[in-house]
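Student: Provided below for reference: sequence and predicted model.
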Amino acid sequence: MAAVGGRLDLQGLGRRFGTFAAVESCDLKVEGGEFVTLLGPSGSGKTTILRMVAGFIRPSAGRIEIDGQDVRNVPAHRRNLGVVFQSYTLFPHMTAAENIAFPLQMRGVSREQQRRLVVEALDRVRLKEVSDRHPQELSGGQQQRVAVARALVFGPRILLMDEPFGALDKRLREELQAEVRRLHQTLGVTVVFVTHDQAEALAMSDRIAIMNGGRLEQVGTGSELYESPKSLFVADFMGESNVFRGRLLARGAARWVAGDGWEYPVGPSAQVDGVTPGDAVAMICRPERMRIARVDGTLSQPTCLVGRLTKTTYLGGISRHEISLREGRSVTVVTLGPDRSGAAPGDEVRVEWCADDTIVVPDTGPGGDTP
Ligand SMILES: Nc1ncnc2c1ncn2[C@@H]1O[C@H](COP(=O)(O)OP(=O)(O)O)[C@@H](O)[C@H]1O
Ligand SMILES: [Mg+2]
């Protein structure tokens, strides 16, 4: 049943609850077969978007097109979408197999065909041996697998998933992530996935749409969002950042970021977006792009700062180092394995980075640090 996934097109989508705008002016095109994740903090409007697409609530502005068709007046059950929500979605009085058969019954599929499709669906999520159990006799992971099987059994072209693994522990969650990725690949179904977990979004998605306060802040591949965030919000949401707040300066062809008593060059390949000289900016440097050097060693980068190593945390594959600067501010450096500079907590150290590895975005508000 490898079908081509459906296309989804949100145009200026908005939803108000009373005077409160839960979703505003969202434009998003999802290609057939694509896996797109809505990522954002709690309350940013992710579920509201999914509920509008599913047809559970109506938009107050904009359009939703599925395969080029405006679905405004198409009821939920005729949109032919598979839906999986976080929890409690299975019918408690039905067995796993009966739960999975339910959407087929609703569609008037013959008994014989139902049996065949249910067996296929159970097999797909590796649950054949528990088909006769009721939800309360299944583990959380098994219940969500049944929910996934039920959402896919009638061959929908788009699958909507709202934080489906949020209630599961880390290992189970990773197992189910891998399973959903595999299903996505083998079935060719389009998936719109919702999570507030950046690692989950990175592990699953072709593209990620970052939501902030009801708006789509930035849409791109995981690496685009991590390497080239267009705002401090996206940079923060996609991973850890060292933030230096100052103003952008131009000296001939070279650009610098200057703050109170410091200035650093911005490399020619560094990402500088939406700012011009004179603007208040945040210069971002990821902790793994910085390294620790001895203060008396030779300088390998022109961009460096001096501070005291206050803490090293060994985390197995990586180590985290906190370097405290003047006035109690600090910078975090992450090294692969232990740090090789030989510095120990209490030592004065230099932190170096390549000027091309910085990201400069408009400075829009609080959060972050200045050296
Ligand atoms: N039925 C509703 N009535 C009033 N406010 C709502 C309703 N549904 C959601 N909201 C509000 O809209 C905002 C976005 O909610 P939601 O889409 O659930 O966010 P998310 O899924 O990103 O956590 C929240 O502030 C929430 O309180
Ligand atoms: Mg939600």
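Tutor: Happy to help now that I have it. Treat the numbers as computed from the prediction; the structure is a model and nothing was measured. Ligands and ions are numbered 1, 2, ... in the order given.
Student: rest of the way, CA atoms for contacts and neighbours
Tutor: Fine.
Student: What is the end-to-end distance of stretch 155-165?
Tutor: 22 Å (Cα to Cα, to the nearest Å).
Student: and S44, how far is that from V334?
Tutor: With distances taken as Cα to Cα, S44 is found 30 Å from V334.
Student: Outline the domain layout of this protein.
Tutor: Taking automatic domain parsing as the domain assignment, the record places the domains of the chain at 8-227, 240-362.
Student: Show me which residues of the stretch 101-250 of the chain sit near ligand 1.
Tutor: Among all residues of the stretch 101-250 of the chain, none is adjacent to ligand 1 (criterion: Cα under 6 Å from any ligand atom).
Student: Which single residue in the stretch 101-250 of the chain comes nearest to ligand 1?
Tutor: With distances taken as Cα to the nearest ligand atom, the stretch 101-250 of the chain approaches ligand 1 most closely at G214, which sits 6.7 Å away.
Student: count of neighbours near the spatially closest residue to that residue that is not a sequence neighbour?
Tutor: Here the nearest residue to G214 in space, its sequence neighbours aside, is V23; by Cα to Cα, 6 or more residues apart in numbering that works out to 4.0 Å. Applying other Cα atoms under 10 Å, we find 27 other residues in the vicinity of V23.
Student: Repeat that for G220.
Tutor: Using other Cα under 10 Å as the criterion, G220 is surrounded by 17 other residues.
Student: got the residue ranges for the helices in the chain?
Tutor: Counting by DSSP state H, the chain has these helices, from start to end: 46-54, 96-106, 111-124, 140-152, 170-187, 198-204, 222-227, 232-238.
Student: Any chance of the ones you listed in TSV with mean neighbour count and mean pLDDT as columns?
Tutor: What follows is the helices of the chain, written out as TSV (neighbours: other Cα atoms under 10 Å; pLDDT from 0 to 100):
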stretch	mean neighbour count	mean pLDDT
helix 46-54	23	97
helix 96-106	21	95
helix 111-124	17	94
helix 140-152	24	93
helix 170-187	15	91
helix 198-204	18	94
helix 222-227	18	95
helix 232-238	21	94
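Student: could I get those as TSV with distance to L39?
Tutor: Converted to TSV, the helices of the chain look like this (distance: least, Cα to Cα, whole Å):
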stretch	distance to L39
helix 46-54	7
helix 96-106	28
helix 111-124	27
helix 140-152	20
helix 170-187	15
helix 198-204	7
helix 222-227	11
helix 232-238	9
